[in-house]
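Engineer: kindly generate the corresponding structure for this input.
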Amino acid sequence: MHSIKTKLVLAISLFILVLLSITAFLFIREKSQELTNDIFVNARNFAELTAENIVNDYNLYLSQKSFVYFNRDISELFQKNLDISAIQLYRYNGELVYDSRTEKEKQYEGPPRDVKGTLLEELQAKNPSVVTLEDSKIAYLKKDAAGSISIVDQDEKPLPPLQKDQKILSLVQPASNDFSIVYFISYRALADRINQTTFRIALLAVFGVGLGIFLAILYATHITRPVQKLTEGARVIATGNFKARVEVKGKDEIHTLADAFNKMAVDLEISTKALVYKERVAKELELAAKIQKQLLPKIMPEIASLDISAGLLPAEEIGGDLYDFIQTDANNLLMYIGDVTGHGVPSGIVVSIANAVIYNLAGKKDIKSLLVDANHVLKEKTSSNMFMTVVMLNWNEQNKKFQYVNAGHEQIIHFHAKDKKVTLLPPGGLALGMFPDISKNLKQEEILVEKDDVLVLYSDGIPESWKDEKEMYGMVRFKRAISEYADLPTALAIRNAILADVKDFAGKYKQMDDITLIVLKRR
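Structural biologist: This next block holds a predicted model:
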């Protein structure tokens, strides 16, 4: 049986889908052209602004075999324009002296890399040039006195202007009398934005179909008396009177709908109370998660001789891990990572208490005494089955020394840059909150950290990350990952590489515990 409602829903939905499809096609095509042109303009401006700096960095660092510093500056340049995928630095005679695609870890050492042909002509031209992606044609960009750009050939004869949707493979920018730079352009960001736009349009289509269904039902309401009764009954229920019932005679689908409506009134009375309670709890959990997130450092400390990065991935809305960095004076930086038993709301409350207590006691010069006093407060103010493991360090910038105390936490991992070895510092201590006095169980020690050494502090959520019911990440993989990634130039890069390794291992398996990681790299 084809009801009026079905006919209306099909007709209006089909109309909306056709209209949205045509609009979406035109909008996406226009947006693609606009974004493609923006990428080219931004790349051209970026090349003009950065070419001289790259040459200066080459003369300052790479020509003196200081590849690490040069590569660091190049990496920072890439962050300023994500549409630039690679660069090449050439001498005027066509010798390639740097290629970011191949020289990621160390400087090129080998016979001279010379180029000829059309690329050499581009390198020696006084005007910047581009190579189109589709047909590999070369065009030169000539700027007049007013700053306008015109498209010319090698002899500066006018060429047709580039189309708005013309994609560029590379751009050659003269940097000085001795160097030219080739910038390679990526359109991956363009594809991502087009995909996002398509997704939003799909959501709009869903909304449009839903709107069409609503309009169809609304129209049917005005032409069918039984539906009016259902509407009146809905109004009564909307006031909170779930005892209301609607009587409709007949055996058609409206009668079936009336029976379902009456049953819905019964079910609503039962479920509304549960739904209100569930929404209140969800809102409170969301607020608690925001508050707990605010307890974490918003920016990493800037220390001249120490590169720092940290991150926390909670297993639930409320986590049981914490970390913090506290600058106690001009020369001392206090840092710690902790893990409260379990996760969820109870652990989150203890995390908040511990964070406040440690912050209040941070003025103590002796970190062992600080933890002893913090333990006393946690023992008095938390339940007997709640405790927290902690490892706390203090970095003295003047003496370039680490002092640390381990209170039952995971062992600190030390990567020695000199011999590429990974070692575990000795375990020890008792967790906070277990006993009233743990002063005899804590020991303050020093760590000798040399240049490019890396210290890794972590919670047990990393080695105990599972990929299935039988296999977990484990310390062997963890140490292997640190050994592999510790030579990366920044603590942030090391942290991201380790977390990515853990996530790749776990795949889509549910995260069972909070994951917290602090990476400290000696400069």
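Engineer: how many residues are close by D38?
Structural biologist: 13 (other CB atoms under 10 Å). Just so you know, the C-beta spots here come from the backbone N, C-alpha and C atoms, and that holds for glycine as well.
Engineer: what strand or helix carries S75?
Structural biologist: helix 67-80 (DSSP states H and E).
Engineer: would you map the strands across the stretch 1-150 of the chain?
Structural biologist: 84-91, 95-99, 113-114, 129-132, 138-143, 149-152 (DSSP state E, counting those that start in this stretch).
Engineer: pull the residues that contact the fifth one.
Structural biologist: Residues outside strand 138-143 that contact it (CB atoms under 8 Å, 6 or more residues apart in numbering): 44, 118, 122, 125, 127-132, 149-154, 156, 159, 162.
Engineer: ok, of these, which come out buried?
Structural biologist: Neighbour-count burial (16 or more other CB atoms under 10 Å) applied to the contacts of strand 138-143 gives 44, 122, 125, 127-132, 152, 162.
Engineer: got TSV for those, with distance to K521 and pLDDT too?
Structural biologist: What follows is the buried ones among the contacts of strand 138-143, written out as TSV (distance: CB to CB, whole Å; pLDDT from 0 to 100):
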residue	distance to K521	pLDDT
R44	36	91
E122	40	90
A125	43	90
N127	43	91
P128	38	93
S129	41	92
V130	39	93
V131	39	92
T132	43	89
V152	49	90
L162	45	85
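Engineer: for P427, state which of those residues is nearest.
Structural biologist: Nearest to P427 among the buried ones among the contacts of strand 138-143, counting by CB to CB, is R44 at 57.1 Å.
Engineer: looks like the closest one contacts L171 (just checking).
Structural biologist: Yes. In this structure R44 lies within contact range of L171 using CB atoms under 8 Å: 6.5 Å.
Engineer: need the overlap of contacts for these two.
Structural biologist: Applying CB under 8 Å, 6+ apart, one finds that R44 and L171 are jointly contacted by P128.
Engineer: please parse this structure into its domains.
Structural biologist: 4-189, 225-295, 297-522 (automatic domain parsing).
Engineer: that older thread, right, and the strands of the stretch 1-150 of the chain - which one's nearest N331?
Structural biologist: When the strands of the stretch 1-150 of the chain are compared by CB to CB, strand 95-99 sits nearest N331, at 38.8 Å.
Engineer: so how far is that closest one from its chain's centroid?
Structural biologist: Here strand 95-99 is found 33 Å from its chain centre; the criterion is CA atoms, centre = their mean, to the nearest Å.
Engineer: can you state the direction angle for it and strand 84-91?
Structural biologist: 150 degrees (axes from the mean of the first three to the mean of the last three CA atoms, to 10 degrees).
Engineer: buried ones in strand 95-99, by neighbour count?
Structural biologist: Applying 16+ other CB under 10 Å to strand 95-99 flags 96-99 as buried.
Engineer: do stretch 443-458 as well
Structural biologist: 447, 449, 452-458.
Engineer: ends of that stretch, what's the gap?
Structural biologist: 19 Å (CA to CA, to the nearest Å).
Engineer: in the stretch 251-400 of the chain, which spans are strands?
Structural biologist: Under DSSP E, counting those that start in this stretch, the stretch 251-400 of the chain gives strands at 306-313, 321-327, 332-340, 388-396.
Engineer: just send those strands back as a markdown table, with mean pLDDT too.
Structural biologist: Shown next, in a markdown table, are these (pLDDT from 0 to 100):
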| stretch | mean pLDDT |
| --- | --- |
| strand 306-313 | 95 |
| strand 321-327 | 94 |
| strand 332-340 | 95 |
| strand 388-396 | 96 |
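Engineer: okay, those strands in a markdown table with mean neighbour count next?
Structural biologist: Below are these laid out as a markdown table (neighbours: other CB atoms under 10 Å):
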| stretch | mean neighbour count |
| --- | --- |
| strand 306-313 | 19 |
| strand 321-327 | 21 |
| strand 332-340 | 24 |
| strand 388-396 | 23 |
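Engineer: between the ones you listed, which gets nearest to D419?
Structural biologist: strand 306-313 (20.5 Å).
Engineer: chain center to the closest one, what's the gap?
Structural biologist: The answer for strand 306-313 is 14 Å, by CA atoms, centre = their mean.
Engineer: quick one, helices of the stretch 101-250 of the chain?
Structural biologist: Assigned by DSSP state H, counting those that start in this stretch, the helices in the stretch 101-250 of the chain fall at 118-124, 188-223, 225-238.
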